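*Asks:* Got a sequence here, can you build the structure:
(3 chains)
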Amino acid sequence: MDDPIKNKIQSTSKETRQDILGRFLTYLCIAFIMIVVLSIFVFVASKGIATFTVNKANFWEFLTGKNWNPTATDASGKPMLGALPMITGSFGVTILAVIFATPFAIGTALYMTEVASKRGEKILQSVVELLVGIPSVVYGFIGLSVVVPLVRNHFGGSGYGILSGSIVLFVMVLPTVTSMTVDSLRAVPRYYKEASLALGATKWQTIYKVLLRSATSGILTAIIFGMARAFGEALAVQMVIGNAALMPKGLLSSASTLTSVLTMGIGNTVMGTVGNNALWSLALILLLMSLIFNIVVRLIGRKGRLD
Amino acid sequence: MKNLTKIATVIIASTALLVGCGNSNSNSSSSSSSASSKTVSGKITIVGSTALQPLVEKAAENFQADNSKVNITVQGGGSGTGLSQVQSGAVTIGNSDIFAEKQSGIKAEDLVDHQVAVVGMTPVVNKDAGVKNVTMSQLRDIFTGKVTNWNQVGGKDEKIVLINRPSGSGTRATFESAVMNGQTAAKSQEQDSNGTVQKMIAQTPGSISYLAFSYVKSDVQALSIDGVAPTDANVTTNKWKIWSYEHMYTKGKPDTAAKSFLDYMKSSKVQKGLVKDLGYISISNMKVQKDSDGKVTDK
Amino acid sequence: MGTKLQNNIAIAVIRILAALVVLILVFLLGKILISGIPHISWHFLTAASQSFESGGGIGVQLFNSIYLLALTLIISFPISLGAGIFLSEYAPKNFLTAIVRMAIEVLSSLPSVVVGLFGFLLFVVQMKMGFSILSGAIALTFFNLPLLTRNIEESLRAIPDLQREAGMSLGLSKWKTVTKVILPEALPGIITGVVLGAGRVFGEAAALIYTAGQSATNIDFGDWNPFNSASPLNLFRPAETLAVHIWKINSEGVMPDAAAVSAGSSAVLIIAVLIFNLLARVLGNSLYHKLTATK
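*Replies:* Take a look at the predicted model:
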């Protein structure tokens, strides 16, 4: 006959059902995010590809051409769609901003996790959080009234250019990179540190040889997020970079980024026209670029891991 | 378990709200459009030119005070957005700084133009340049990049920093049709909004750009062209050539609510009051008119 | 060089870097607050804005910003919580998970204007939600999701496995261990993420121009029924936030006191962020103490 104990063991317990339901919920959330990402991707791609399918632009020329003037056509009747100046500009400001920001972010994060007292840590934490809360427009105007004259007076040129853009972006990505670096430093198991200190290593040796190494992949992710933020930022950069669709001749000549051209032009063009499609192609390039960055940094991260 | 139910409730509640309100919204708009014509009622959505937005917004506020059954939403987004959204029927009125005929991708014959104001524009330079008057051909040479130093046009020895407006913007189209005479402007810095351009000119030595009259403040120098000063009076007679209309486009004939609002925009109450207050020039003061090709005739 | 000296130099450098970051913030804050605070008055905080006369306030915009933040958090927090739990506790280490992670990171790099236009075409036009605070909140959710998800994942991951093992050995299901043991323990970290996300929501302008709109309709603060169109809680009214307002008056504002309104608004925004951060932290701490055994 029925054995109650056997039944109890074989049937699914309340706990198990709970676990299944919980797991299902988290799957649902992740699925939702994937749907969002996918739909934005499809949306941007379908609009961005129209430049090449409907307006018959050449993809290679789009990537390498230096002449950007979507409303005009060249001698052969094709629209002039050379996005290289903007791609260079975006790369320039992003990489520079991250190069400026990374040492500061890692330094601050190490200070917060390893050096500072509880109080100092709290103060820095609020500093970082406040920096995020300053709207990009305000960053833009401070850039316009402080950074641009500074660059003009100390380095020459009109003050508008990649250098000014990356200085503004440096401050903007700093909180993102810092707070994520802090997270990944905190995630390093405590006994790693204890073991190192017990072996007689100095604080710095512990930080350098143990903490930073085991947090490498986390720090790299932090940098990617910082780059992503820099790539996508528009309003602030647009005010200080000059927005000239020219190949940047140096850090001081005015340049443009993918986002600055996109933001300025999108309201002035009509959906479905070459000019508008070309802007969506820029957005697509932006997506592809951040994807590539992502993959590259991930590959680097894999190499540096401690496992 | 408690957390779980909480999450679930939030999700369900928010979707229910979404669906429920979405429905009620579409119902109200369809019932209101069939309302009687005596008391004007309806929903008007206006999108487009950011430059025109403050005027329309304020006018809409005043209009709704008298016609409480009308619900007007005014948004920016740019002239191109305004025109393409009114063409697709997504909004009632599309604001534009530029003739629909001049905007690529727009079938102008489907749209009805309502000109509600005139805006004058003037070249402005940083005070440092030491120039107050230029000839039309000098101005053209500056923008084509032939002239690169202020001392070539009677100013001091300083490099000219050109700040243009993005191609496709209404301000640039107006400026180019009045000044450039078919020549292409040199590639240079570009900036979209009047406010930002004004700030940049004020603080960048040697810079030049152009602005709508209402944004010319004491910290920038407006230029006269061939001795003609940029004033409202000179615009009304076309002695000052750089001006354009502010358009409000509807798709086909406007419905009752939209029509009464557009009439209100053109009424002397708005034209003599708000239009002037916001630095525009009233349509009724114009002694000339311009067509979409830039040809000017006496009115 | 002796390791001791090396150590001292390195620590000094770390201190200097941190000090410089503080200096940058002090400079920025000083600049914003000094130019802004003189313009803040009770009238400024509560009055309606003016489109071309001076003397306008930011009452509606301030409320909109806070309301939009609340809505965005209500939508995005549960989703990122689920996703964060999945990534830290359930996700198998395989190719698919790597793709999910990458997708989240790519999502965070989308320029706001693209998300704004996506929201405009999908919610405002296609789904007929109009320029509304709800469209804005959904668009902002897209920004918040990656940051929040990643932050929750990290905070959960930072909890030592000992806690998980303890939970399991008590016979708790994995789900229960996560929600009852790990999650409360990770709360301070999660709060940090929420605060950071909130700052971004407060400061975002480009995505909202096309979704929540840039006009502040008059709202009636006496009417709290969310289904009335003049109610502050109505989800379908256009809602200009403080950051959008700052953007608007700087780019096309013609009021004579535009610079003052802009400076004042920036200062108010910063103070609002500060207050929100403090509140979130106090609330988070008391919740943390209630849920865990810490004192």
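
*Asks:* Leaving out chain neighbours, which residue sits closest to the residue of the stretch 51-200 of chain B found nearest chain A?
*Replies:* As assessed by C-beta to the nearest C-beta, chain A sits closest to B:G78 within the stretch 51-200 of chain B, at 1.9 Å. Placement of C-beta: from N, CA and C, glycine included. Closest residue in space to B:G78, ignoring its immediate chain neighbours: A:G267 at 1.9 Å, by C-beta to C-beta, 6 or more residues apart in numbering or on different chains.

*Asks:* go on, C:K174?
*Replies:* Closest to C:K174 by C-beta to C-beta, 6+ apart is A:D19, at 5.2 Å.

*Asks:* which SS class is the one you found?
*Replies:* helix (DSSP: H, G, I helix; E, B strand; the rest coil).

*Asks:* likewise B:L211?
*Replies:* Using three-state DSSP, the structure places B:L211 in strand.

*Asks:* Apart from its chain neighbours, what residue comes closest to it?
*Replies:* B:V124 is the one closest to B:L211 (C-beta to C-beta, 6+ apart), at 5.2 Å.

*Asks:* And the one you found, its phi and psi?
*Replies:* phi -130, psi 150 (degrees, to the nearest 10).

*Asks:* Around it, how many other residues sit close by?
*Replies:* A count of nearby residues for B:V124, using other C-beta atoms under 10 Å in any protein chain shown, gives 25.

*Asks:* Just confirm B:A117 is within a helix.
*Replies:* No. Looking at B:A117 with three-state DSSP, it is strand, so not inside a helix.

*Asks:* name the element B:G94 belongs to?
*Replies:* In the assignment (DSSP states H and E), B:G94 maps to strand B:93-96.

*Asks:* So that strand, near chain A or not?
*Replies:* No. Residues of strand B:93-96 contacting chain A under C-beta under 8 Å from any C-beta of the partner chain: none, with a closest distance of 10.1 Å.

*Asks:* what does the average pLDDT come to for that strand?
*Replies:* For strand B:93-96, mean pLDDT is 92.

*Asks:* In chain B, what residue comes closest to chain C?
*Replies:* Nearest residue of chain B to chain C, counting by C-beta to the nearest C-beta: B:S193, 3.3 Å away.

*Asks:* repeat for the stretch 51-200 of chain A
*Replies:* For the stretch 51-200 of chain A, C-beta to the nearest C-beta, closest residue to chain C: A:G107, 2.8 Å.

*Asks:* Now the phi/psi pair for the residue lying closest to B:Q103 once chain neighbours are set aside, please.
*Replies:* Spatially, and ignoring its direct neighbours in sequence, B:Q103 is nearest to B:L83 (5.3 Å; C-beta to C-beta, 6+ apart). When read as degrees, to the nearest 10, the backbone of B:L83 gives phi -70, psi -40.

*Asks:* Look at B:L83 and say how many residues are nearby.
*Replies:* Neighbours around B:L83, by other C-beta under 10 Å: 30.

*Asks:* Look up how far A:M271 lies from it.
*Replies:* 10 Å (C-beta to C-beta, to the nearest Å).

*Asks:* swap in B:D226?
*Replies:* 40 Å.

*Asks:* quick one, which of these two is more surrounded?
*Replies:* Taking other C-beta under 10 Å, B:D226 and A:M271 do not tie; A:M271 has more neighbours (20 against 13).

*Asks:* residues in contact with that one?
*Replies:* For A:M271, the contacting residues are B:S84, B:S88, B:G105, by C-beta atoms under 8 Å, 6 or more residues apart in numbering or on different chains.

*Asks:* neighbour-wise, which of those leads?
*Replies:* Going by other C-beta under 10 Å, B:S84 tops the contacts of A:M271 with 25 neighbours.

*Asks:* Helix or strand: which one has the one residue in the stretch 151-300 of chain A that gets nearest to chain C?
*Replies:* For the stretch 151-300 of chain A and chain C, the shortest gap (C-beta to the nearest C-beta) falls at A:A228, measuring 3.1 Å. Applying DSSP H and E as the criterion places A:A228 in helix A:216-232.

*Asks:* Report the mean per-residue pLDDT for that helix.
*Replies:* 83.

*Asks:* tell me what that helix is packed against?
*Replies:* helix A:84-110, helix A:162-186, helix A:258-266, helix A:274-304, helix C:95-108, helix C:133-157 (3 or more C-beta pairs under 8 Å, 6 or more residues apart in numbering or on different chains; DSSP states H and E).
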